[in-house]
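> attaching a predicted model along with its sequence, questions to come.
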Amino acid sequence: MLTQEQDQQLVERVQRGDKRAFDLLVLKYQHKILGLIVRFVHDAQEAQDVAQEAFIKAYRALGNFRGDSAFYTWLYRIAINTAKNHLVARGRRPPDSDVTAEDAEFFEGDHALKDIESPERAMLRDEIEATVHQTIQQLPEDLRTALTLCASSKV
């Protein structure tokens, strides 16, 4: 099934009240939208806030989405406008030209977010950290000290 058809089906499910379908759209496009927005705001944390705001706006407006364009094109436009409004609200001037949809999809420049951590990945990282910490605590004190010194000096 083509991506546009999948998106359209998800949009229709959201319009019928299926909030999980919107979660799928967010998961699918969050990295592209973040990469796009960071080109405007030049700060990863700020870009995440603006992206969240853009997705909230999209969710609230999804009832009016008619499918005249692809869902990503519509979402892209909301993200661009949200980023520009964010800059203006903070007294910063938005760029004169927009990032094209093609650039947004394939952008890998200096301002791209290199590693946006998904909730699943964050949970996995936290579990691994806890397991390693717990295992280290079970070591005899002399080994624990040696390991801690070794890790802190990056030997």
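Alright, I've got the coordinates.
> from here on, contacts and neighbour counts on C-alpha atoms
Will do.
> next, name the residue at the spatial heart of the protein.
Ranked by distance to the mean C-alpha position of the chain (CA atoms, centre = their mean), the top residue is residue 30 at 3.9 Å.
> which residue, other than its chain neighbours, is closest to that residue?
In space, and not counting its chain neighbours, residue 30 is closest to residue 51: 7.7 Å by CA to CA, 6 or more residues apart in numbering.
> just how off-centre is stretch 125-141 within its chain?
For stretch 125-141, the separation from the chain centroid amounts to 29 Å (computed by CA atoms, centre = their mean, to the nearest Å).
> buried sites along it?
Residues of stretch 125-141 classed as buried: residue 136 (neighbour count, 16 or more other CA atoms under 10 Å).
> contacts for it?
Outside stretch 125-141, the residues that touch it by CA atoms under 8 Å, 6 or more residues apart in numbering are residue 144.
> sec struct for the residue nearest to residue 30, please.
With DSSP: H, G, I helix; E, B strand; the rest coil as the basis, residue 51 sits in helix.
> I'd say it and residue 36 touch.
No: using CA atoms under 8 Å, residue 51 is not in contact with residue 36; the gap is 9.2 Å.
> more neighbours: the two, which one.
For residue 51 and residue 36, the more surrounded residue by other CA atoms under 10 Å is residue 36, and the numbers stand at 29 against 26.
> distance from the helix or strand the more buried one falls within to the middle of the chain?
Secondary structure from DSSP states H and E places residue 36 in helix 19-41. Centroid displacement of helix 19-41 relative to its chain, using CA atoms, centre = their mean, is 5 Å.
> burial count for residue 62?
Quick note: residue 62 (other CA under 10 Å) scores 18 neighbours.
> whoops, residue 35 was the one
26.
> pLDDT weak spots in the chain?
Along the chain, segments meeting pLDDT under 70 span 1-2, 93-120, 122, 152-155.
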